[in-house]
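1. coordinates only, sequence not included:
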């Protein structure tokens, strides 16, 4: 399984989402939408081995999480406004209790809580915080394989997918840094010296996992 937690420190958690001003009045919801699309969409379909949790921390009201499960999703298209519309439908509703997930539509779930709740739910995953100042994600002697050997993949058909391979989870933030308390509890790794935009970082992670590049996941 591949999991991505995207933290939007200013992203609105409840109310009417301003689709015409997602970068401003919505609290940089555009950043989360692009990261979500990069996480779940391929050129001609969905990644059925991938789960994404958006963390909406900007209020009003309590922090909110929206989870998208690729193996269950229907009707998600490669168009930012349409994807934002799915989020808009959710945040019109009251925020559920922390840790209590409610299915809002096929493959889209809603819960209160923040990144600490998500990490607790991912206790069996290897969790990696993306941080440009950390050691590289790939091993020092890693090479690009001549044939793709994906770290995870899904087989089967809708309603009966089986995910094979490693269970890896990535935590990334918007333009604000991750709290030190989070980085201290997980493995911190970089994708290079340049601070990439979130959706580009997600794409690099998928590339490394799709190709089966040897990863550097051991704590020093």
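-> Yep, it's here. Just so it is clear, the structure is predicted and the values come from calculations on it, not from any experiment.
2. Name the residues that touch the helix of greatest length in the chain?
-> For the chain, the longest helix by residue count, based on DSSP state H, is helix 198-211. Residues outside helix 198-211 that contact it (CB atoms under 8 Å, 6 or more residues apart in numbering): 2, 4, 6, 31-32, 34-35, 37-39, 47, 130, 137-138, 144-145, 148-152, 168, 170, 172-174, 191, 196, 215. For every residue, glycine as well, the C-beta is placed using N, CA and C.
3. do the same with stretch 92-102
-> When contacts are defined by CB under 8 Å, 6+ apart, stretch 92-102 is touched by residues 13-16, 61-62, 64, 67, 104, 109-113, 117, 121.
4. let's see 6 Å
-> Contacts made with stretch 92-102 from outside it, assessed by CB atoms under 6 Å, 6 or more residues apart in numbering, are listed as 61-62, 64, 109-113, 117.
5. Could I get the phi/psi values of residue 117?
-> The phi and psi values for residue 117, taken as degrees, to the nearest 10, are phi -70, psi -40.
6. For burial, what's the neighbour tally of it?
-> The number of residues packed near residue 117 is 17, by other CB atoms under 10 Å.
7. Next, count neighbours for residue 123.
-> Number of residues near residue 123 (other CB under 10 Å) recorded here: 7.
8. measure it to residue 116 for me?
-> Spatial separation of residue 123 from residue 116 under the definition CB to CB, to the nearest Å is 12 Å.
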